[in-house]
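Enquirer: Any chance you could fold what I've pasted below:
(one chain, ligands or ions: 2)
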Amino acid sequence: MLDQIHLLAAVTVLGVLEQAYFVLQVIYARRVFGISPPKISGPPEFERIFRAQVNCSEYFPIFLALLWQAGLFFHQGLAAALGLLYLYARYCYFIGYRASSSKRLAPMYFGTGILWILVAASALGILHFFLSHYVGLNVLQLLAA
Ligand SMILES: CC/C=C\C/C=C\C[C@@H]1O[C@H]1/C=C/C=C/C=C\C/C=C\CCC(=O)O
Ligand SMILES: N[C@@H](CCC(=O)N[C@@H](CS)C(=O)NCC(=O)O)C(=O)O
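Expert: Ligands and ions are numbered 1, 2, ... in the order given. As a prediction, this is how the structure comes out:
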């Protein structure tokens, strides 16, 4: 059982650590720019770091749901590899956004593309499960025949 989820679990832990890193960056930026909660506005240098962290948090539940669905219903290794790529894209997004708004764009589109691939893998995997479980139709066996 655990060997079917260990890669997904490892990518999940890495993702949580990355989220913690982004949060720590906002805490540090608040100190540097002297902006205490609940204030969320300030110089563009602060607002970019703040927005980068909020946007990464916003997409984290979507990422986790897709990572585990694709990993359980499609292929664990592929989902974990895409998950690693996504976390790397998010790191580049954060670092890019911190430097300038335009530098966030390429990693943002790359990361979003990975999410859509995970959507496709999840949907195909779940469809395959429904067809074989309820209709008795194993598409993979049919294709191999
Ligand atoms: C699987 C993803 C789940 C939820 C997110 C849902 C939709 C988000 C769409 O996939 C993303 C598409 C993004 C499209 C962006 C289009 C235009 C942005 C253009 C320019 C930005 C320029 C700027 O802001 O500087
Ligand atoms: N919270 C997002 C909601 C809309 C959204 O998710 N847009 C995508 C663009 S495809 C995104 O990743 N936005 C974050 C960004 O532009 O940095 C925002 O403020 O832009």
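Enquirer: Can you pull the residues of the chain lying near ligand 2?
Expert: Residues of the chain lying close to ligand 2 (CB under 6 Å from any ligand atom) are 55, 58, 104, 108, 112. C-beta here means a position set from N, CA and C on the backbone, and glycine is covered the same way.
Enquirer: which of the residues you listed are buried?
Expert: Taking 16 or more other CB atoms under 10 Å as the criterion, what is buried in those is 55, 104, 108.
Enquirer: Out of the residues of the chain next to ligand 2, name the ones that lie in helices.
Expert: 55, 58, 108, 112 (DSSP state H).
Enquirer: Let me have those residues in JSON lines, extended by pLDDT and distance to ligand 1.
Expert: Shown next, in JSON lines, are these (pLDDT from 0 to 100; distance: CB to the nearest ligand atom, whole Å):
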{"residue": "N55", "pLDDT": "98", "distance to ligand 1": "11"}
{"residue": "E58", "pLDDT": "98", "distance to ligand 1": "9"}
{"residue": "M108", "pLDDT": "98", "distance to ligand 1": "8"}
{"residue": "T112", "pLDDT": "98", "distance to ligand 1": "5"}
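Enquirer: picking up where we left off before, for the residues of the chain next to ligand 2, give me a markdown table that also has distance to H128.
Expert: Shown next, in a markdown table, are the residues of the chain next to ligand 2 (distance: CB to CB, whole Å):
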| residue | distance to H128 |
| --- | --- |
| N55 | 33 |
| E58 | 30 |
| R104 | 36 |
| M108 | 31 |
| T112 | 25 |
